[in-house]
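Trainee: sequence unknown, structure follows:
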């Protein structure tokens, strides 16, 4: 019996293609999209800002990438990322926006080398186009931002470099990357915990400076791999910096 319980517990910890959850924040809906690349239904969550249903305007799209062990609902619950976004909007650090929570499994937001998972393809070629057809959001570079924590922070950096024509800017907390086209990045914000072993970004920042990339970074004294501290200490600054690359339509 104990062995069965242990197996069930381990299975529940593995990332799944679809992860419905209770206690989603107000304005958040969980749904699925069939992925031809992965031959699976894959879950995602979408946040619609206050006034969305009553308006006809188009909104900027903010894509959020979760960390390792997370899912498309782990950061979409009450008190999660949408609270951070709403506070940033109230502070005018960020325009009112639609937020997409993608499911990255444990992929690093890359297509796997063994050709078994195609998460990058799903996010970039399937999910975002679906959202932009379904909702009044995004649609062009100066109407899109990407952000994330840990694995998602690294993923945000890498995708912003891999698809420079796609994103106006990226906010990365607790994650760094070592590959990509640095010259192509438009605007990048890095939140780095002084004690965060996952966010050692000195070499990365040196490379950004060398290439003349427009970026800001904040080192948080005494902070480890703590998402709450990243949010509370840097969210407004990070969003305020990258949102300067958004177009006029985003601020209507």
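Mentor: The structure has been received and is ready for your questions. No experiment lies behind these values; they were computed from the predicted model shown. Residues are numbered from 1 along each chain as shown.

Trainee: The stretch 101-250 of the chain: helices as residue ranges?
Mentor: Ranges of helices within the stretch 101-250 of the chain are 119-121, 128-134, 151-162, 202-211, 227-242, based on DSSP state H, counting those that start in this stretch.

Trainee: looking at those helices, which is buried most?
Mentor: helix 151-162 (a mean of 26; mean count of other CB atoms under 10 Å). Placement of C-beta: from N, CA and C, glycine included.

Trainee: Minimum distance to residue 144: which of the helices of the stretch 101-250 of the chain has it?
Mentor: Nearest of the helices of the stretch 101-250 of the chain to residue 144, taken as CB to CB: helix 128-134 at 8.0 Å.

Trainee: what's that closest one in contact with?
Mentor: Contact with helix 128-134 is made by 33, 44, 46, 61, 63, 98, 100, 137-139, 144, as judged by CB atoms under 8 Å, 6 or more residues apart in numbering.

Trainee: Now do the SS call for residue 16.
Mentor: Under the three-state scheme (DSSP: H, G, I helix; E, B strand; the rest coil), residue 16 adopts coil.

Trainee: So what are the sheet partners of the helix or strand encompassing residue 31 and their directions?
Mentor: For residue 31, the host element (DSSP states H and E) is strand 28-35. Using DSSP bridges, strand 28-35 pairs in its sheet with strand 40-47 (antiparallel).

Trainee: In TSV, list the helices of the stretch 101-250 of the chain along with mean pLDDT and distance to residue 108.
Mentor: Listed next are the helices of the stretch 101-250 of the chain as TSV, based on pLDDT from 0 to 100; distance: least, CB to CB, whole Å:
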stretch	mean pLDDT	distance to residue 108
helix 119-121	98	8
helix 128-134	99	18
helix 151-162	92	6
helix 202-211	77	16
helix 227-242	94	18
